[in-house]
Each structure stands twice: as C-alpha cells, then as structure tokens.
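A.B. asks: Sequence and predicted structure below; questions after.
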Amino acid sequence: MLRIHFTPADLTRVRLHTEPDPLWEVVCSLHRLQTTQGRRAHADWHRATRRVLAGTPLGKAVHQVLFPVLPRAAYFPDFLTPYEAVDGLSRGLAAVVDTPPERIAHETRTLRRVTGAPSWVARLTERPRREELAAVLRAYHEAVVAPYHDRMCASVAGEWAVRARLALGVGVDGLLGGLSPTARWRPPVLEVDYVADRDLYLQGRGLRVIPSYFCWRTPITLVDGTLPPVLVYPLQHGAPSRGEVTATASAPLAALLGRTRAAALQGLTAGATTSELARALGVSPATATHHTTVLRNAGLITTRRAHNAVLHTLTPTGAALLSSGTPRSGA
C-alpha cells in the first residue's frame, strides 16, 4: 500500500491536470500492450495499434527498446516521466535527454536488478543513446497515442469538471475522495493500493494529480520520493460513444439541427448536470436526457457520474463546433 501524507500546506497545493501528460500516456499505453488487463476498455485502440506496429521498424523498436526500459513491472525509471512534460511532448523529451548521467546510471542499475533488463540499458548514460530513445518515444507517440488526443482530452476534461465541482462543494475531501476504487482518503493520508508498501511524505511540496486515459486500475507515483510528488490515476472508462468508434459523424451531427439541441450544446459550455440543463432549457429531465444522448452519440459531449448526479461536458469536437457559431446560428 502507498500512503501519501499531507500537511495543511499540502492541502492548498494539490493541482489537478487539465490535459493528458504525453509521457505518462506513452508509459501507460505501453503497459496496456504488455498485458491483457484493460484490453476490453481499450479494445479499439489495441486493435488499431497492433495493425500500425505489425511488421514495421517502429513495431520492432517498441518490442526491443521501449518494452525493456518501460516494462509493466514493479519498477521503471523515473527519468522517463519528467515534470517538464506538463508543457508538452517536446519539452518532456528534451528533459529525458538532459537527465544527468549519474541519475541515469542509478536508475538503470535499479531497472536491471528488479526486472532483468538487458545490459544495453546501461549505455543510456551516453547522450546519443538517450537521443535515440527519445526519437523512438516520439515516433511511438505520434503513431499510436496522438491520434487519440481528442478522446483523451475529452475524458480528462470530464474528469476535471467532476473533481472541480466536488472540490468547490466539499473541499479537498471532494477532490481526493473517490479518485480511484483503489484509493481511499483518510485525512490527512491518501491510501492507495500499490505494488509495494511505502510512505510518501509531501512535506509542503503539494501534489500533482494526473488523470490518465491509459492507466488501468492502480494509480502510479514516482519511486524517488525527493522528486516533485505526483500521482497518476486511471480515468473510469465506459462504453465508447458512437462518435468515437465511427469514421464519420455526419449522420449524428445532422440531428443537431434544431433550436433546443443547439441551446443544449451551448448550455454545456461550463458543464451541467441533467437536471441543471433541463431547468436551463425549460424542458423535462427526460427530454434533456434525450438531447444529451444525441450529443454524446455525435461525439460532442462526454458524460460522467458524480456521486448522485450525471455531469455532461463538451468534448474538444463539441467545443470547436460551438465556437464556429454553427449551433448558435441554429439557436
């Protein structure tokens, strides 16, 4: 079990990411390829990724380079998920390349001891080898993670809306409570089912909380407790909407032509529950549910359950459509 100990100062320094972290998504997606766990929730991604990688140089590099340094195991090197990735993939990969060789040597020795990684990982202390690794990470991200960027952003945006509402209504208990079925908030300690038994003392540094699309069941943190504290936790996946699994959304989008549905999309700009949307539109909850179902099937909104309410938020596609003025003109 992982026990994260908060001080009063830490409770004011909890930060929830509003966008996916590209390198954490790379790591977690590689873990999905190395196990059957979570495969059903990511079935369409897994099938597409297998097709993209099969028989290609990138597929070979994934198996021979990325799997050994990022195994789905009790340990993988912290330097591959640097803080700088919060500013994007390029900044994160630059930080990987710039990692001091002394730290690389320590972490790769640990990797070899724990997982039996091949001897070549020790050469990552050499900058050219890290540049080669960064190139493979970038190619993998562009091939199989970036195409799902909008879907990941929609899931994270929905989670952020849920957590923000809970934080405003309940405080930090609402933010930290219920992050994952495997996490329990027992103030001032967050208990997380984990691969090892350890304590993480924040000591006023706060905590970065990162919702992850590809993380599955068990949250993840850095091994080195001296690094800026972070907790990556899995988003809850429901069945994908029709808009996520079809090649075109032209038929569902045609259903948006109408005053009430356009007003519903506009009313979800800041997120709303079904009852809130019904009151704003002046319709029954059943009618509001019908409109949100159409919008969700068109891939324009995402829906999450927040305690006893259902919260709807815009996807990037819905926000782009709304900003274009199309729904407004219909309204």
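C.D. replies: It's in. Numbers count the residues shown, from 1 in each chain.
A.B. asks: all strands for the stretch 51-200 of the chain, in order.
C.D. replies: 183-186, 189-192, 198-201 (DSSP state E, counting those that start in this stretch).
A.B. asks: Run through who's touching the last one.
C.D. replies: Which is strand 198-201. Leu2, Arg3, Ile4, His5, Thr221, Gly225, Pro229 (Cβ atoms under 8 Å, 6 or more residues apart in numbering). (Glycine included, C-beta is placed from N, CA and C.)
A.B. asks: Please identify which of the residues you listed is nearest to Arg32.
C.D. replies: The closest of the contacts of strand 198-201 to Arg32 turns out to be Thr221 (Cβ to Cβ; 18.8 Å).
A.B. asks: pLDDT at Leu89, what is it?
C.D. replies: For Leu89, the pLDDT comes out at 96.
A.B. asks: Surely it is in contact with His141?
C.D. replies: Yes - counting by Cβ atoms under 8 Å, Leu89 touches His141, with 5.9 Å between them.
A.B. asks: list residues touching both of these two?
C.D. replies: In terms of Cβ under 8 Å, 6+ apart, Leu89 and His141 are both contacted by the residues Pro22.
A.B. asks: And the helices in the stretch 101-250 of the chain?
C.D. replies: 101-115, 127-140, 149-170, 172-176, 242-245, 250-254 (DSSP state H, counting those that start in this stretch).
A.B. asks: As CSV, the ones you listed with distance to Leu11 would be great.
C.D. replies: Formatted as CSV, those follow (distance: least, Cβ to Cβ, whole Å):
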stretch, distance to Leu11
helix 101-115, 30
helix 127-140, 35
helix 149-170, 11
helix 172-176, 5
helix 242-245, 36
helix 250-254, 43
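A.B. asks: Between these, which one is closest to Leu66.
C.D. replies: Among these, the nearest to Leu66 by Cβ to Cβ is helix 127-140 (6.3 Å).
A.B. asks: and the angle from that closest one to helix 101-115?
C.D. replies: For helix 127-140 against helix 101-115, the angle by axes from the mean of the first three to the mean of the last three Cα atoms, to 10 degrees is 60 degrees.
A.B. asks: In the chain, which residue is most central in space?
C.D. replies: Ser212 (2.1 Å; Cα atoms, centre = their mean).
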